[in-house]
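>>> Dropping the sequence and predicted coords here.
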Amino acid sequence: MKASDLRTKSQDQLKEELGNLRKEAFNLRFQKAGGQLGKTARVRQVRRDIARIKTVLGAKAAG
């Protein structure tokens, strides 16, 4: 997910996407704890996507 793609979305869309990513991160943590996680790189990717969305939301709120 690119930040330039996120900037074109509305705040409601970003908040919905943020909620989906947080749910996915929660599920990935449980899979990791249970030893069932297949793609370990996905955890890092989801964390970074959450940070990107939070950054864009903060910039929109400030601007």
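Arrived safely, thanks for sending.
>>> what's the spacing between the nearest residue to Ala3 once chain neighbours are set aside and Lys15?
The spatial neighbour of Ala3 that comes closest, neighbours along the chain excluded (CB to CB, 6 or more residues apart in numbering), is Arg52 at 5.5 Å. (Each C-beta comes from the backbone N, C-alpha and C, glycine too.) To Lys15, Arg52 is 14 Å away according to CB to CB, to the nearest Å.
>>> Same check on Ala41?
26 Å.
>>> If you count surrounding residues, which of the two has more?
Lys15 (13 against 7; other CB atoms under 10 Å).
>>> Please spell out which residues along stretch 3-14 are buried.
Within stretch 3-14, the residues that count as buried by 16 or more other CB atoms under 10 Å are 6, 14.
>>> oh sorry, the question was meant for stretch 40-51
Residues of stretch 40-51 classed as buried: 43, 46, 49-50 (neighbour count, 16+ other CB under 10 Å).
>>> out of these, which are inside strands?
Among those, DSSP state E puts none in strands.
>>> Just send those back as JSON lines, with distance to Lys2 and pLDDT too.
Shown next, in JSON lines, are the buried residues of stretch 40-51 (distance: CB to CB, whole Å; pLDDT from 0 to 100):
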{"residue": "Val43", "distance to Lys2": "20", "pLDDT": "97"}
{"residue": "Val46", "distance to Lys2": "15", "pLDDT": "98"}
{"residue": "Asp49", "distance to Lys2": "10", "pLDDT": "97"}
{"residue": "Ile50", "distance to Lys2": "15", "pLDDT": "98"}
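>>> Cool, thanks, signing off.
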